[in-house]
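Trainee: Model the structure of this input:
(2 chains)
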Amino acid sequence: MLAVEHLTVAFGRRPPAVRDISFAIPEGGRLGIIGASGSGKSVTALAIMGLLPEYARVGGSVKLGGAELVGLPDHEYSKLRGDALTMVFQEPMTALDPTMRVGRQIAEAYRLHAQGSKARDEVLRVLAAVGMPDPARVADSYPHELSGGQRQRALTAMAVINRPGLVVFDEPTTALDMLVQAQVLEMIDGLLRATGASCLFISHDIAVVAQLCAHILVMQDGQAVEQGETGQLLRAPRHPYTQALVAAARKGAVRG
Amino acid sequence: MRKLQFYLGLALVGLVVSAALVSLVWTPYDPLQVVPADRLLGPSPAHPFGTDGFGIDIASRLLVGARYCLLVGIVSVTLAALVGVPLGILAGQVGGWVSEVVMRLTDIVYALPALLLAILLAAIFGGSTLTAMAAIGVATVPAFARTARAGTLQVMAADYVLAARACGTRGVALAARHIWPNIAALAGVQASIGFAMAILAEAALGYLGLGTPRPTPTWGTMLRDSQEFLFTAPLQALWPGLAIAVAVLGFNLLGDGIRDLTDPRLREAS
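Mentor: Prediction:
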């Protein structure tokens, strides 16, 4: 489904933010990327989405369903975005346009890729699919009228309304409190199961990733230090950084 | 306190607007009729602001002058906004060489004083309300373009633009649905301040005889006519000056008021 090979991203003259990253996600597969802030995981996600600023230099290859994405002109790329691949961002507070009703924002994503006048029906359907109790009311609300969890669900609805094959999540639950985080993760899990979409899930929280993803890739300073099946990686981490992460997560679990 | 500023501005602007509206249907005296017997009268119940050197009622001329002040303001600011805002959004959204070209063009226009442009236009077409509006409008374009570009750069960096782009939105749709609504308040502030500048510029052009020609009463030409009698009838210069000050202050306060009321950072603090 998604094949990333030797991906390298550099900004200006600084050393590359991402160095020689390779991974693959099969049809319906889920990969989690773990790393500290500044480790290059978000840059990797933006590179896959083609949303890096113009001055970024991208090397290597990103293939979606066999088609090369690196170097694709923006007007071609934007036809794929929201349709074949999509992304859910970290900050639900700022990722929705404050001047627009939520329903219109979600409908915009639909109308860009689908013909027909059923946008409103589709919006209500997808809002129900992400677990909104009152889709019609939410659709007519402005973002500031919704809670953090509701906004994150609305963002997810906007991303998945066209049933994309690949969904990139960039720390979608980091800004939420623990209880809401668990609910949103459950919703994401159900949604991916129902649509059969592949998923790239980025987080600094190894417990969150382990809950959702079958495979994990660990990043440090722009490089992939370890990659493997989730259970294997948690049982026997090889790289010192992964070992520290797993140990820290265990301690947290015991204390919690 | 901030609301006070906004309402005071609204009140002063409202005063000017109502004066202009009233002048359409009624003025105490004919603002063009010369009455030699009534020259340079002081304020009296019959002429609350007195009469000018032609014996014309100053109150009537002030009312009609408000109409021209607003007309020039509206047309020149609208012209400037219609050209400047799309240019600014284009520069901010596309960036690169497009931004460079747009910004250098605005620099050139910016370096050219409105007055010089007005003199040029007046020399070619003869001074009129139209040349004054065109000159002021063109001179105001850079302010709108720069404001719109700065706002666009800020909005382009926002998460919701990235999220919209991640769903495939781009180009004109991005500008119309996400950029413009989020910089509209900024443009409104610029329009209000631009309006104040336009009123001042119109008065200056009228004073220099480059704007609306006589006998049409504008505040600028009234100032010009009054300086002849500065020592014998000083109040004559006071009234149009006061009118200009009220209008400029009103639009400036209104602009500041809109900015303060719509700026979320300030809104939360209040």
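
Trainee: Show me which residues of the stretch 1-150 of chain B are close to chain A?
Mentor: Proximity of the stretch 1-150 of chain B to chain A, by C-beta under 8 Å from any C-beta of the partner chain, involves residues B:G95, B:G96. Just so you know, the C-beta spots here come from the backbone N, C-alpha and C atoms, and that holds for glycine as well.

Trainee: In the longest helix anywhere in chain A, which residues are buried?
Mentor: Longest helix in chain A by number of residues (criterion: DSSP state H): helix A:178-195. Neighbour-count burial for helix A:178-195 flags A:V180, A:Q181, A:Q183, A:V184, A:L185, A:M187, A:I188, A:L191, A:L192, A:T195 (criterion: 16 or more other C-beta atoms under 10 Å in any protein chain shown).

Trainee: so which of those also contact chain B?
Mentor: The subset of these lying close to chain B, counting by C-beta under 8 Å from any C-beta, is empty.

Trainee: Can you tell me which of those is closest to B:G88?
Mentor: Checking the buried residues of helix A:178-195 against B:G88 with C-beta to C-beta, the nearest one is A:V184 at 38.4 Å.

Trainee: I'd like the distance between the closest one and A:A175.
Mentor: Relative to A:A175, A:V184 is positioned 10 Å away (C-beta to C-beta, to the nearest Å).

Trainee: Check A:H204 too.
Mentor: Per C-beta to C-beta, A:H204 is found 12 Å from A:A175.

Trainee: More neighbours: which of these two?
Mentor: The residue with more neighbours, out of A:H204 and A:A175, is A:A175; 19 against 16, by other C-beta atoms under 10 Å in any protein chain shown.

Trainee: what sits against the more buried one?
Mentor: By C-beta atoms under 8 Å, 6 or more residues apart in numbering or on different chains, the contact list for A:A175 reads A:Q90, A:E91, A:P92, A:M93, A:G148, A:Q152.

Trainee: Remind me which helix or strand it belongs to.
Mentor: Assigned by DSSP states H and E, A:A175 belongs to no helix or strand.

Trainee: Can you pull the phi/psi pair for it?
Mentor: phi -90, psi 0 (degrees, to the nearest 10).

Trainee: which stretches of the chain have low pLDDT?
Mentor: The chain I'm using is chain A. Applying pLDDT under 70 to chain A flags the ranges A:253-256.

Trainee: look at chain B instead
Mentor: Within chain B, the ranges that satisfy pLDDT under 70 run B:1, B:263-270.

Trainee: one step back: which members of the contacts of A:A175 additionally contact chain B?
Mentor: Restricting those to those near chain B - C-beta under 8 Å from any C-beta - leaves A:Q90, A:E91.

Trainee: Most neighbours among the contacts of A:A175, which one is it?
Mentor: Highest neighbour count within the contacts of A:A175: A:Q152, with 30 neighbours (other C-beta under 10 Å).

Trainee: next one: phi and psi at that one?
Mentor: For A:Q152, the backbone dihedrals are phi -70, psi -40 (criterion: degrees, to the nearest 10).

Trainee: quick one: the residue positioned nearest the centre of chain B from B:W239, how far?
Mentor: Residue closest to the average C-alpha location in chain B (C-alpha atoms, centre = their mean): B:F195, at 2.0 Å. Separation of B:F195 from B:W239 (C-beta to C-beta) stands at 21 Å.

Trainee: In contact with B:Q190, which residues?
Mentor: Residues near B:Q190 by C-beta under 8 Å, 6+ apart: B:A81, B:A143, B:F144, B:T147, B:G255.

Trainee: give me that answer again for 7 Å
Mentor: With contact taken as C-beta atoms under 7 Å, 6 or more residues apart in numbering or on different chains, B:Q190 is in contact with B:A143, B:F144, B:T147.

Trainee: wait, the second one sits on B:A81?
Mentor: Yes. Using C-beta atoms under 7 Å as the test, B:F144 is close enough to B:A81 to be in contact (5.3 Å).

Trainee: ok, for residue 72, nearest residue in space, not its chain neighbours?
Mentor: Just so you know, I chose chain A. Of all residues not flanking A:L72 in the chain, A:G50 sits nearest, at 6.5 Å (C-beta to C-beta, 6 or more residues apart in numbering or on different chains).

Trainee: Switch to chain B, please.
Mentor: Nearest-residue entry for B:V72: B:E202, 4.3 Å, with adjacent residues in sequence omitted and distances by C-beta to C-beta, 6+ apart.

Trainee: What are the boundaries of the strands in the chain?
Mentor: In the absence of a named chain, chain A is used. Assigned by DSSP state E, the strands in chain A fall at A:2-11, A:18-25, A:30-34, A:56-64, A:67-68, A:85-88, A:166-170, A:198-203, A:215-220, A:223-229.
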